[in-house]
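Asker: Provided below are the primary sequence and the corresponding predicted coordinates.
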Amino acid sequence: MKQLKATIMKANMSDHTKQMYEDEFSYEKDDIVPPPYHINELKSMAEYSTILQQCIDAYRTNILGFGFGVEYAFDFNAEDVKPVKKKTAEKEWTRLEEFTKYMNYDESADVILGYVLEDREKTGNGFLEVLRDGQGKPAGIEYLDALHIRICKLSEPVDVEFRYTENGEMKTMNRKKRFRKYVQVINEKKVFFKEYGDPRILNCETGKYDDATPEPLQATEVIHFKIGSGTYGIPRWIGNIVNMYGARKAEELNYLYFKQGRHVPGAIIVENGMLSETSYQQLQDYMDDIEGSDHAHKFLLLEVEGLPTEKGLTGEEDVSNVKVNFKSLAEILQEDALFLEYDEKTRNKIRSAFRLPPIYTGESQDYNKATADTARKTTEEQVFQPERHLITGKLNTLFLPDLDIWHVRFLLNGPDFRDPLEIAKVLTPFIQAGAVSPNDLRDLAGRILGKTLEEWPEEFYHRPLESRIKTADGLSPSEPNQLEK
C-alpha cells in the first residue's frame with residue numbers, strides 16, 4: 001500500500017521527489033502549484049484498466065456525441081415578444097451557428113471538446129485554448145494536452161468589466177477578480193498562457209505581464225474544465241485506484257500462469273534408480289520450453305538406470321529393481337483464471353464511480369427492452385444531461401458576452417427516446433376526439449417515414465377534423481373538398 005501511494009501521490013512541495021516529479025517544470029521558479037496526483041500516471045491508467053476507458057468513452061459519446069445546437073434564451077413564440085427582439089435574436093442565431101461551425105478548422109467543435117472531456121475524466125483536468133480575432137472576440141478553440149499543462153498560483157486582483165442584461169437592457173459593472181497563468185512544457189520548451197478573461201497582456205515566453213509585448217509573443221487564453229473546486233481537478237474514480245492496480249496484477253498473474261507453462265499434469269517418481277543422462281537432458285529441454293509449443297502432442301521417452309548393489313554369489317555386481325511411477329497432480333491444477341470475482345467487483349466499482357449501468361460498457365446480457373430503456377433514461381436524466389449543462393453553462397457564460405450575443409445560447413443535443421409507434425398509439429384517442437390537427441401530426445409522420453414533412457400553410461390544416469366538420473358550412477373555397485366525400 002505504501003509503495004502505491006508513493007508512486008502516485010504528491011502532497012506538497014516539501015515532499016518533492018525526483019521519483020514522482022522528474023519532469024521539465026520549474027515549480028518554485030514559475031510559482032506553479034504542484035498537482036495532488038501524478039498527472040502522467042493518471043492519464044496512463046486507462047491503458048492498463050479493462051473498464052476505465054469504456055466508461056470514459058461512454059461519457060464522451062453520450063455527452064458530446066449528438067453535436068452542438070443553438071436555442072433561444074426566451075420564449076420566441078410568446079405573444080408579448082416584440083418583432084425587433086425576434087429579428088435581433090434571429091441574427092444572433094445565425095452568428096452563433098457560424099461561430100460553432102468554425103470554432104476549429106480541422107475538427108468540429110464537439111470533437112475538440114471530446115478530447116478535453118477525455119482528459120478531464122482521466123486526470124480531473126481538461127484544458128481548452130481560445131484564440132481571438134483582430135477585434136478581440138473569440139474566434140477559435142484548440143485542444144491542450146493536460147499531460148503538459150501545470151497551473152500557477154493566483155495573481156493579485158485586477159479590475160474587470162463585467163457585462164450583463166437586466167430587463168432586456170445591457171449593463172456593465174466593474175469588479176475585482178484574480179486570475180491564474182498556465183504553463184506548458186514540451187521537450188524543454190516553455191509556453192505561458194493566461195486564464196480566459198484576463199485583460200492584461202502576458203508574454204508567452206517570459207510569463208511576465210508586459211503591455212509592450214509584441215503581438216506574436218502575446219499569450220493566448222485557456223479555459224480550465226475540472227472535476228471539483230480545487231486548483232486541480234480530481235478524477236471521479238480516484239477512490240478506486242487501489243482496486244484498479246489490484247485488478248491489473250490479477251490479470252498479469254493469470255497471464256504469467258499460462259505463459260510460463262505451469263501445467264504439470266503429474267509427477268514422475270523413480271525408485272531405486274536414476275534417469276539416464278540423455279533422458280535427463282530431454283526432460284530438461286521439455287521444461288525449458290516455457291510456451292510448451294515445441295513439445296505439444298509429442299511422446300516423452302525416458303530411460304531409467306538401476307542403482308548398483310553389492311556383488312552376489314556369481315561375483316557380478318547386481319543392479320536394483322527400478323520402479324517408475326506416474327502420480328497425477330490434476331487435482332491441484334488451476335482450472336480457470338484466478339480472481340475473476342475480484343475483477344468483476346472492481347469493474348462494478350469503477351462503473352459506480354461514473355454512475356453508469358453495465359449497458360453503457362457493452363455488458364448487456366441481463367437486459368431486455370424495458371430494463372434497457374429504463375437504464376438509459378435514468379442515466380440520461382441523472383448523469384449526461386447535467387454534464388451537458390455544466391459544459392454549455394461555462395461556454396455560454398464566457399463566450400456569449402464577448403460575442404455580444406444575448407438572445408440565444410449554446411446547446412448540446414441529447415438522444416431522442418421517443419418511440420414514434422408508441423406515440424401514435426397514444427395519440428389515437430386524441431385524434432378520435434378531435435383534439436389534434438393534421439399539422440400537429442406532420443412531424444411524427446415524418447419520423448416514421450424517415451423524411452422531413454413540412455406543415456401545410458393553409459389554415460384548414462391547423463384545425464382538428466371535428467371542428468372542421470362542425471363548421472363545414474363556413475369553409476372557404478380554397479380549402480380541400482374532402483368533407484364532401
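Answerer: Perfect, I can see it now.

Asker: that's a helix at Thr392, yeah?
Answerer: Yes: Thr392: assigned to a helix according to DSSP: H, G, I helix; E, B strand; the rest coil.

Asker: show the pLDDT at it.
Answerer: For Thr392, the pLDDT comes out at 96.

Asker: now do Glu387
Answerer: So Glu387 comes in at 96 (pLDDT).

Asker: wasn't it part of a helix?
Answerer: Yes: the assignment for Glu387 is a helix, going by three-state DSSP.

Asker: against Tyr360, how distant is it?
Answerer: As judged by CB to CB, to the nearest Å, Glu387 and Tyr360 stand 13 Å apart. Any C-beta I mention is one placed from the backbone N, CA and C, and that applies to glycine too.

Asker: those two: which has the busier surroundings?
Answerer: Of the pair Glu387 and Tyr360, Tyr360 is the one with more neighbours under other CB atoms under 10 Å, namely 23 against 15.

Asker: quick one: the helices in the stretch 201-350 of the chain?
Answerer: Secondary structure of the stretch 201-350 of the chain (DSSP state H, counting those that start in this stretch): helices at 241-259, 277-288, 340-354.

Asker: so which bits of the longest one are buried?
Answerer: Applying a neighbour-count criterion of 16 or more other CB atoms under 10 Å, the buried positions in helix 241-259 are 241, 243-248, 250-251, 254.

Asker: same question for the last one.
Answerer: Residues of helix 340-354 classed as buried under the neighbour-count rule (16+ other CB under 10 Å) are 343, 346-347, 349-351, 353-354.

Asker: after it, which helix or strand is next?
Answerer: Downstream of helix 340-354, the first helix or strand assigned by DSSP states H and E is helix 369-379.

Asker: which other residues reach that following helix?
Answerer: 62, 355-357, 359-360, 364, 367, 415, 417 (CB atoms under 8 Å, 6 or more residues apart in numbering).

Asker: just stretch 166-175 next, same as before
Answerer: Here stretch 166-175 makes contact (CB under 8 Å, 6+ apart) with 85, 159-165, 406.

Asker: 7 Å - rerun?
Answerer: 159-164, 406 (CB atoms under 7 Å, 6 or more residues apart in numbering).

Asker: what subset of those residues is buried?
Answerer: Trp406.

Asker: ok, the buried residues of helix 340-354 vs Gly434, which is closest?
Answerer: Phe354 (48.2 Å; CB to CB).

Asker: got a list of what the closest one touches?
Answerer: Applying CB under 7 Å, 6+ apart, we find Phe354 in contact with 55, 59, 236.

Asker: what does Asn203 give?
Answerer: Taking CB under 7 Å, 6+ apart, one finds 210, 213, 217, 219 in contact with Asn203.

Asker: hmm, Ile201 and the second one touching each other?
Answerer: Yes: in this structure, Thr213 is within contact of Ile201 by CB atoms under 7 Å, at 5.2 Å.

Asker: which parts of the stretch 151-300 of the chain are strands?
Answerer: Assigned by DSSP state E, counting those that start in this stretch, the stretch 151-300 of the chain shows strands spanning 158-166, 169-177, 181-186, 189-195, 221-226, 266-271, 273-275.

Asker: out of those strands, which gets nearest to Gly69?
Answerer: Gly69 lies closest, by CB to CB, to one member of these: strand 221-226, at 19.6 Å.

Asker: circling back: wait, which of the strands of the stretch 151-300 of the chain is closest to Tyr37?
Answerer: Among the strands of the stretch 151-300 of the chain, the nearest to Tyr37 by CB to CB is strand 221-226 (12.8 Å).

Asker: list the neighbouring strands of that closest one plus their orientation.
Answerer: Strands that pair with strand 221-226, judged by DSSP bridges, come out as strand 125-132 (antiparallel), strand 189-195 (parallel).
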